[in-house]
Each structure stands twice: as structure tokens, then as C-alpha cells.
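here is a sequence with its predicted model. Questions after.
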Amino acid sequence: MARQVSPLHGTHNRMRTLTALALAAAATATPSYASPAATGTAPHRAPTMSYALQGQGGARGGGQGAPQSTPEQRAARRDSIAAVRAATVQDVMAQIAGKENQPASDVFRNVQVWKAIPAGEFVKNMDEVVGRGLGRGCNDCHVANDWASDTLPRKQTARTMMGIVSDINTTLLPRLGPGPGGRPRAIQCITCHRGGMASRNAIIP
Ligand code: HEC
Ligand code: HEC
């Protein structure tokens with residue numbers, strides 16, 4: 001219990017607004033389980049958007065470098081992935097209707113880290129904290145139609161990262177004392193991953 005920290009904190013309302021905007025844009029979006037990324041068998045090397053976003057810094061080892069893209073092209077990709085994520089969130093929220101306030105571990109089958117977070121907030125965090133933080137779509141980590149599956153290595157890495165972030169927020173950052181305005185200090189996926197924009201000069205792939 002004590003280790004569960006809501007990952008949203010002060011950015012909550014702003015993220016809600018962003019989601020509302022994305023929902024509006026998502027009216028005609030294809031569900032993300034139909035995305036080509038869902039068929040990839042080697043997720044860490046699949047040409048998913050975050051690699052394509054990382055135009056700066058030259059080719060990745062192994063010759064997988066994506067062509068340079070303009071900031072406008074990167075923003076457009078980010079928006080279209082966000083729209084598909086938002087549509088998927090609506091689907092999942094409909095499936096758990098009435099159970100939004102129950103702990104995620106009671107509602108879903110394979111939740112090991114964010115267990116105490118209410119199921120509705122858990123799903124929104126998948127979108128706003130994890131997906132947006134990494135600039136990725138749901139199916140970069142999840143196989144189609146089986147959210148509980150741990151088949152994709154990226155999902156396993158993400159779970160480890162969720163534990164790392166939780167440890168930093170609950171154990172390490174409190175050593176600094178309260179943050180500005182007395183708020184708890186907290187980092188999130190986006191702190192390091194920059195919405196998929198972390199340059200290759202950083203150590204994040
Ligand atoms: C970067 C990887 C990643 C992305 C992107 C991602 N997820 Fe997840 N998802 C996870 C991990 C890791 C877990 C397990 C969390 C835990 O163990 O606490 C999870 C668990 C879930 C579960 C619970 C499944 C179960 O039955 O146990 C659902 C539902 C889910 N995600 C939906 C989504 C949706 C919807 C999106 C897109 C908006 C999404 N996820 C994007 C990594 C990801
Ligand atoms: C303190 C910085 C930091 C934070 C915060 C952070 N990460 Fe990471 N992440 C890294 C680094 C560094 C790597 C590269 C690790 C390696 O392979 O050596 C990485 C790699 C990953 C990878 C594998 C590469 C990829 O894109 O497939 C995933 C998935 C991932 N992180 C998910 C997350 C998620 C989800 C969160 C939030 C819960 C998160 N990370 C928060 C630093 C961070």
C-alpha cells in the first residue's frame with residue numbers, strides 16, 4: 001500500500017485536458033490492436049514510432065537508423081499515436097465500466113506493480129503516463145486482445161521501470177524533503193523518456 005504512489009500528481013488536470021483533446025481527435029481512429037506494430041515479433045527492434053522520432057544523433061547501432069524527420073512530422077506522428085491510444089482507452093474503460101474504483105489488481109489479471117491504483121486511473125495512466133511518456137502506442141507493449149500477456153519484452157522492461165520509478169518516488173526523492181509548495185517530489189516516465197524524444201546522445205534507446 002505505502003509503496004503505491006499516484007503517478008499523476010500535479011500534472012493531473014493538464015493531462016486530463018490533453019486526453020480530452022486526443023479523444024476528440026480519435027473519433028475515426030482504428031483500434032490500436034489493428035496497428036501493424038501488433039504483428040511485430042521483435043519489439044525492441046521493431047520500427048515503431050519512438051525510433052522513427054529519434055531523428056537526431058545519427059544511425060543506431062546495427063544500421064537501424066530512421067531517416068531524419070521534421071519537428072512537424074514528429075508532432076503529427078505523436079498526435080496520431082495519441083489518438084489511437086485514446087480510442088483504445090475508451091474501449092477498455094467500457095469493458096471495466098462499474099469497476100473503475102476497485103484496485104487494478106482486483107479488476108485485471110496480471111498487475112504486479114500498480115496494484116492499489118483504482119482500475120480506471122490505472123488505464124488512464126497507461127495512456128497518459130506510460131504511452132505519452134514514451135511516445136508509444138498500447139501495442140508496442142501489449143499483444144492484441146490479451147492485455148494480461150507478458151509476451152513482449154518491452155512490457156517486461158516497462159514493468160521493471162515502473163518499479164524503479166516507484167522506488168525513486170517513495171524512497172529516494174523524499175530525502176530531499178517536500179517539493180515546491182510542499183508537494184511531494186516525483187519523477188515520471190516522461191522525465192527521462194521525453195515522450196519518445198530523448199536523443200540518442202542520452203542512454204535511453
Ligand atoms: C511501455 C509499455 C506499455 C504501454 C505503451 C502500455 N502498457 Fe499497459 N501495461 C504495461 C505493463 C508493464 C503492465 C503491467 C503493470 C503492472 O504489473 O503493474 C500493463 C498492464 C496493462 C493492463 C492490465 C492487463 C491485465 O489483465 O493484467 C491493461 C488493461 C493495460 N495495460 C492497458 C493498456 C492500454 C489501454 C495502453 C495504451 C493506452 C497500454 N496499456 C500501454 C505496459 C505498457
Ligand atoms: C530515471 C530515468 C528513467 C525513468 C524515470 C524511466 N526510464 Fe525507462 N529507461 C531509462 C533508461 C536509461 C533506459 C535504457 C536502459 C538500458 O537498456 O540500458 C530505459 C529503457 C526503457 C525501456 C526499454 C526501451 C524501450 O523503449 O523499449 C522501456 C520500455 C522503458 N524504459 C519504460 C519506462 C516506463 C514505462 C517508465 C515510467 C514508469 C520509465 N521507463 C521511466 C530511464 C528511465
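Cool, got the structure. Residues are numbered from 1 along each chain as shown. Ligands and ions are numbered 1, 2, ... in the order given.

residue 190: which element?
Taking DSSP states H and E as the definition, one finds residue 190 inside helix 189-193.

can that helix be found next to ligand 2?
Yes. Helix 189-193 reaches ligand 2 (C-beta under 6 Å from any ligand atom) through 189, 191-193. Quick note: C-beta positions are derived from backbone N, CA and C, even for glycine.

buried residues, that helix. List them.
Buried positions in helix 189-193, judged by neighbour count with 16 or more other C-beta atoms under 10 Å: 189-190, 192-193.

determine whether any part of that helix lies close to ligand 1.
No. Judged by C-beta under 6 Å from any ligand atom, helix 189-193 makes no contact with ligand 1; its nearest approach is 7.9 Å.

list the helices and strands that helix packs on?
helix 132-134 (3 or more C-beta pairs under 8 Å, 6 or more residues apart in numbering; DSSP states H and E).

need the next SSE after the helix it packs on, C-terminal direction.
On the C-terminal side of helix 132-134, the nearest following helix or strand under DSSP H and E is helix 153-167.

mean confidence score for that following helix?
Across helix 153-167, pLDDT averages out at 97.

and if you look at stretch 197-205?
On average, the pLDDT along stretch 197-205 is 68.

what helix or strand is residue 77 on?
Going by DSSP H and E, residue 77 is in helix 71-95.

between the buried residues of helix 189-193, which is closest to residue 138?
Taking C-beta to C-beta as the measure, residue 138 lies nearest residue 189 of the buried residues of helix 189-193, at 14.3 Å.

residues touching stretch 98-108, excluding its own?
The contact list for stretch 98-108 (C-beta atoms under 8 Å, 6 or more residues apart in numbering) reads 93, 96, 111, 114-122, 147-148.

in that stretch, what counts as buried?
Of all the residues in stretch 98-108, those buried under the rule 16+ other C-beta under 10 Å are 103-105, 107-108.

same check on stretch 136-148?
For stretch 136-148, by 16+ other C-beta under 10 Å, it's 136-144, 147.

turn the residues of helix 189-193 next to ligand 2 into JSON lines, including distance to residue 80 and pLDDT.
As requested, those are exported to JSON lines (distance: C-beta to C-beta, whole Å; pLDDT from 0 to 100):
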{"residue": "189", "distance to residue 80": "20", "pLDDT": "96"}
{"residue": "191", "distance to residue 80": "24", "pLDDT": "95"}
{"residue": "192", "distance to residue 80": "24", "pLDDT": "93"}
{"residue": "193", "distance to residue 80": "19", "pLDDT": "93"}
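
many thanks, I have nothing further to ask.
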